[in-house]
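Fold the stuff below for me.
(one chain, ligands or ions: 2)
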Amino acid sequence: MFKAKKKNQSFSSKIKGIFKNDIDLDALYEDLEDLLIEGDIGAIVSYEIVEKLKEHVASKKIKDNEAVFDELKAILHDFVLETQLVPEADKVNVYLVLGVNGVGKTTTIAKLANYFNTNGLAKDCILAAGDTFRAAAIEQLSLHAQRLGLRVVAHQSGSDPAAVIYDAVESAHANKVNLVLADTAGRMHSKQNLVNELEKIVRVVSKKSEDAIIKKILVIDSTTGQNGIAQAETFNDAVGIDAVILTKYDSKSKAGIAVSISKKLGIPVAYVGTGESYDSLIPFSKDDYIDEILGK
Ligand SMILES: Nc1nc2c(ncn2[C@@H]2O[C@H](COP(=O)(O)OP(=O)(O)OP(=O)(O)O)[C@@H](O)[C@H]2O)c(=O)[nH]1
Ligand SMILES: [Mg+2]
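Ligands and ions are numbered 1, 2, ... in the order given. Okay, here's the model as predicted:
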């Protein structure tokens, strides 16, 4: 699934390595837990995986390495959540793209627009310049819109993001467009501000369009490891996140973050960003992901 094959080979080969030794289950469990933590799965979830593995191995009386490995794979399969995030036709879908500074929100909006357009899922979607806070954010989104041949709805810098998104939804209705991709400011808000701002956006959009499908999508830089989990926790507590997009999967990320987010927070992963170009966005597949982190 991902271009970033090489990066994970060492992780998967390390995992394979511990299963090659003569079976000494206690040593295997210990090594496995260390490796999972090293792979950014996080201490708590790594512990849970190994505990589950111990239970399954004991109850199924598993004796050989290969079967233990298969059991590990099955556990990860239960832990990792994926979702298909595509706009419905004949409805106005509003995707609010959230996240802290610099994770890749604006770039991801351009990639999503390109992906949906290329796949015939949302022709002519509208980009809403809801980051009215950072200097040049509006210009950045407008430039993407221009390159992709899409409409952008923008107000002045410093204006109310809810008003921008409201106008974008109105424009979607008027032009029979089924998707609004809304950029938002990347401040690490205090929780209360975040809640207030997003509640207002959701309220205003729902008022404009009662049957609009509003999705809150959190962008996380996959190279930030456990810090990304903390971000997901904050945003999810504050506003409830529908899906996560992991960016910068092409760089030095250790990938385990998808397991933690799924298992700890119950949030599915929808897409993975693998580069800076418009076409470097891939729907997340948990089968491919697990094959990649563990090896086939
Ligand atoms: N390598 C790589 N770079 C990415 C990816 N996604 C985004 N970037 C880069 O990350 C940088 C920040 O991206 P932006 O889209 O501006 O991030 P943002 O979250 O909108 O940033 P703020 O608006 O400042 O909060 C840019 O240089 C992007 O090209 C990705 O999947 N892989
Ligand atoms: Mg931005």
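
Any residues of this structure in contact with ligand 2? List them.
Taking Cβ under 5 Å from the ion as the test, the list of the chain residues beside ligand 2 reads 105-106. For glycine as for every other residue, the C-beta is placed from the backbone atoms N, C-alpha and C.

swap the cut-off to 8 Å and go again
For the chain, the residues in contact with ligand 2 (Cβ under 8 Å from the ion) are 102, 105-107, 131, 134, 137, 140-141, 183, 185-186.

Would you tell me which one of the residues you listed comes nearest to ligand 2?
Using Cβ to the ion, residue 106 comes nearest to ligand 2 of those, at 3.3 Å.

Quick test: name the residue nearest the centre of this protein.
Central residue check for the chain by Cα atoms, centre = their mean: the C-alpha nearest the mean position is that of residue 245, 2.0 Å away.

Helices - which of the residues of the chain next to ligand 2 land there?
With helices taken from DSSP state H, the overlap with the residues of the chain next to ligand 2 comprises 105-107, 137, 140-141.

could those residues go into JSON lines alongside distance to residue 271 and neighbour count?
Below are these laid out as JSON lines (distance: Cβ to Cβ, whole Å; neighbours: other Cβ atoms under 10 Å):
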{"residue": "105", "distance to residue 271": "13", "neighbour count": "26"}
{"residue": "106", "distance to residue 271": "15", "neighbour count": "24"}
{"residue": "107", "distance to residue 271": "12", "neighbour count": "22"}
{"residue": "137", "distance to residue 271": "21", "neighbour count": "21"}
{"residue": "140", "distance to residue 271": "20", "neighbour count": "17"}
{"residue": "141", "distance to residue 271": "18", "neighbour count": "27"}
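
right, and the pair among those residues with maximum separation?
107 and 137 (12.0 Å; Cβ to Cβ).

so residue 164, which of the three states?
Using DSSP: H, G, I helix; E, B strand; the rest coil, the secondary structure recorded for residue 164 is helix.

Run through the residues that contact it.
Applying Cβ atoms under 8 Å, 6 or more residues apart in numbering to residue 164 gives the contacts 128-130, 132, 153-155, 182.

Take these and lay them out in TSV including pLDDT.
Putting the contacts of residue 164 into TSV (pLDDT from 0 to 100) gives the following:
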residue	pLDDT
128	98
129	98
130	96
132	93
153	98
154	97
155	97
182	97
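
Restricted to buried residues, select these in PyMOL.
Paste this into PyMOL to select the buried members of those, with burial taken from 16 or more other Cβ atoms under 10 Å:
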select buried, resi 128+129+130+132+153+154+155+182
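
Now do the strands in the stretch 1-150 of the chain.
Under the criterion DSSP state E, counting those that start in this stretch, strands of the stretch 1-150 of the chain are mapped to 93-98, 126-128.

Run through who's touching the first one.
Right, the one you point to is strand 93-98. Applying Cβ under 8 Å, 6+ apart, the external contacts of strand 93-98 come out as 85, 87, 105, 108-109, 112, 122, 130, 165, 168-169, 178-184, 198, 201-202, 205, 209, 212-219, 235, 239, 241.

same question for the helix or strand the residue nearest to the centre of the chain falls within, mean pLDDT?
If you go by DSSP states H and E, residue 245 is part of strand 243-247. When pLDDT is averaged along strand 243-247, the result is 97.
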